[in-house]
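J.: sequence? don't have it. structure:
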């Protein structure tokens, strides 16, 4: 569900007043190409401040990993002093900590267990998807916090759509090896090239992890096709800005 051009909200999380979950758009922050991590705080400080102002929280509540297309999931027990490197998903049960990931065609996935009050934010490009990062995030919720997968709610946010996402043989082979029911996630176009459905692939991984079908929401918005609203690395180039998908337990 899209409440406005400024922030995307998710219908599946609407009943929970003590939960904040969102994805930003190009209209959320006034900077042309906002980015939220980097080697120097100067490269992302203003973007974080602007985002925090929009969310009405403090910028030090925003926790970002240094994403590198891994399948690594970090447990966040407190606001970290140092950068969280080589990590593409975060999990916590702490309140007032906003778990965030950045995307510009990759898939953002937000997870919430309303029984145990556990949250997770996941960044899944094709590498993270075939290496089952979302499955790892669910497993972390189960092993560290005793979540039951049947209680976990998932929102799959805006990313490049299967209509646009043409992939090469390397991706096709990796998908065939790792994604349940892979045949429904790969479709040939008229030129004989494959298109990969990142949304469905991650949905299949969530189902395999034990989530119920009715507990998974796919927004269905394409970052490439809706380029007035979303950043797209494939359309705008790798140096384009980033959307943020975040989730936080409120006090």
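T.: On my side now, so go ahead. If you're wondering where the values come from, they're calculated on a predicted model, not measured in any experiment.
J.: Apart from its chain neighbours, what residue comes closest to residue 93?
T.: Once flanking residues are discounted, residue 93 sits nearest to residue 118: 5.1 Å by C-beta to C-beta, 6 or more residues apart in numbering. From N, CA and C alone the C-beta is placed, and that goes for glycine too.
J.: That neighbour and residue 145 touch, don't they?
T.: Yes. The criterion here is C-beta atoms under 8 Å, and residue 118 meets it with residue 145 at 4.7 Å.
J.: who has more neighbours, those two?
T.: Here residue 118 and residue 145 are compared on neighbour count by other C-beta atoms under 10 Å; more neighbours surround residue 118, at 23 against 16.
J.: ok, residue 189 - contacts?
T.: By C-beta atoms under 8 Å, 6 or more residues apart in numbering, the residues touching residue 189 are 166, 195.
J.: do the same with residue 145
T.: With C-beta under 8 Å, 6+ apart, residue 145 has these contacts: 91, 93, 113, 116, 118.
J.: mind checking which helix or strand the spatially most central residue of the chain is in?
T.: The chain has residue 108 as the residue nearest its centroid, 1.7 Å off, counting by C-alpha atoms, centre = their mean. Here residue 108, judged by DSSP states H and E, is contained in strand 107-113.
J.: what is the rounded mean pLDDT of that strand?
T.: Mean per-residue pLDDT for strand 107-113: 98.
J.: what residues does it touch?
T.: So strand 107-113 is contacted by 10, 13, 16, 19, 21, 23, 101, 118-125, 129, 134, 137-138, 141, 145, 147-148, 151-159, 198-199, 202, 243, 245-247 (C-beta under 8 Å, 6+ apart).
J.: Give me the next element, helix or strand, following that strand.
T.: Downstream of strand 107-113 (by DSSP H and E), the next one is strand 118-124.
J.: And the helix or strand just after that next one, what does it pack against?
T.: Following strand 118-124 in sequence order, the next helix or strand is helix 126-130 (DSSP H and E). With contacts defined as 3 or more C-beta pairs under 8 Å, 6 or more residues apart in numbering; DSSP states H and E, helix 126-130 has these neighbours: helix 169-178, helix 198-208.
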